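Engineer: this one's structure only:
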């Protein structure tokens, strides 16, 4: 009986959050181990479907870098990264598009459908959802793109029909060429375009850490000023740099709150949204 009472208490604690967030858009960047481990995948997908049923509007932008790297290795190509971004030649962008917009995207859509939800897969090229250009600078990253415009019409159309949009981070250049867009950046820009209530990054760490060697040194809350300072700190790994930059841009463009949480923890999404304590790093504008 005590366990049943505890479950009822958890539901009661969630009620004000359900009321507050019903009808609001949550953009979820889905990546890391939560996309690879089968049990974690099922848990995350079920949590997202639950969010949809209680009135939240989830929009998923997924990564899939490990899947891309695995196929590149099978084809005899070595993955090269600069500041957390994959160097992408013509063959690599074709591999990335095939894996992200095909294999990974449709797998997530299928899992949502099997879990009782309804989802539609969108490539960033569909409906010119993600428009971009090649990144400039000293390092030639090939077909790595920076976003010039988000056209949110297709996302909003899918959402208005009560489907969950699942978006792959493949952009379209001015000449129709495919561009490999960092998924963190894509999530940030899409959240900004949708004026999302929350932008949530599912990662393989507990949040932003004070020390890279101590996974328990999570910083529970940051504001945009502190976020900028962290970006120049040696405590931040190269893979976290695009996330921090994405967080800053999203906050500057009107996203209310950003959460960086560990997708390896079961139900970390629900814990962060519907409990007082949460579990990762929360970032706000001020």
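Structural biologist: Cool, got the structure. Predicted model, so just to flag it, every value in this text is computed and none were measured.

Engineer: Can you verify my assumption that residue 202 contacts residue 45?
Structural biologist: No: applying Cβ atoms under 8 Å, one finds residue 202 not in contact with residue 45, separated by 11.6 Å. Heads up, the C-betas are built off the backbone N, CA and C, glycines and all.

Engineer: confidence score at residue 137?
Structural biologist: If you check residue 137, the pLDDT there is 71.

Engineer: Can you get me a residue count around it?
Structural biologist: A count of nearby residues for residue 137, using other Cβ atoms under 10 Å, gives 10.

Engineer: To which secondary structure element type does it belong?
Structural biologist: coil (DSSP: H, G, I helix; E, B strand; the rest coil).

Engineer: coming back round to it: comparing residue 202 and residue 45, which residue is more hemmed in?
Structural biologist: A side-by-side neighbour count of residue 202 and residue 45, using other Cβ under 10 Å, places residue 202 first with 28 against 24.

Engineer: Now do the contacts for the closest residue to that one other than its chain neighbours.
Structural biologist: Nearest residue to residue 202, sequence neighbours excluded (Cβ to Cβ, 6 or more residues apart in numbering): residue 263, at 3.5 Å. Shown in contact with residue 263 (Cβ atoms under 8 Å, 6 or more residues apart in numbering): 30, 31, 32, 33, 34, 35, 40, 44, 202, 203, 204.

Engineer: List the buried residues for stretch 258-272?
Structural biologist: Counting neighbours by 16 or more other Cβ atoms under 10 Å, one finds that the buried residues in stretch 258-272 are 258-265, 268-272.

Engineer: Repeat that for stretch 197-204.
Structural biologist: Buried, per 16+ other Cβ under 10 Å, within stretch 197-204: 197, 198, 199, 200, 201, 202, 203.

Engineer: Who's the closest spatial neighbour of the last one, skipping the chain neighbours?
Structural biologist: This points to residue 203. That would be residue 32: by Cβ to Cβ, 6+ apart, it lies 5.2 Å from residue 203.

Engineer: Could you report the neighbour count for the one you found?
Structural biologist: Neighbours of residue 32 (other Cβ under 10 Å): 21.

Engineer: can you give me the offset of stretch 48-67 from its chain's centre?
Structural biologist: Mean C-alpha position of stretch 48-67 versus that of the full chain (Cα atoms, centre = their mean, to the nearest Å) differs by 8 Å.

Engineer: Give me the mean pLDDT for it.
Structural biologist: 95.

Engineer: repeat for stretch 187-207
Structural biologist: 93.

Engineer: you'd agree residue 66 is in a strand?
Structural biologist: No: judged by three-state DSSP, residue 66 forms no part of a strand; its state is helix.

Engineer: is it true that it touches residue 36?
Structural biologist: Yes: the pair residue 66 / residue 36 is scored as a contact, 6.4 Å apart, by Cβ under 8 Å.

Engineer: can you tell me how far residue 51 sits from residue 135?
Structural biologist: 33 Å (Cβ to Cβ, to the nearest Å).

Engineer: so where's the protein uncertain?
Structural biologist: 2, 4-7, 138, 231-239 (pLDDT under 70).
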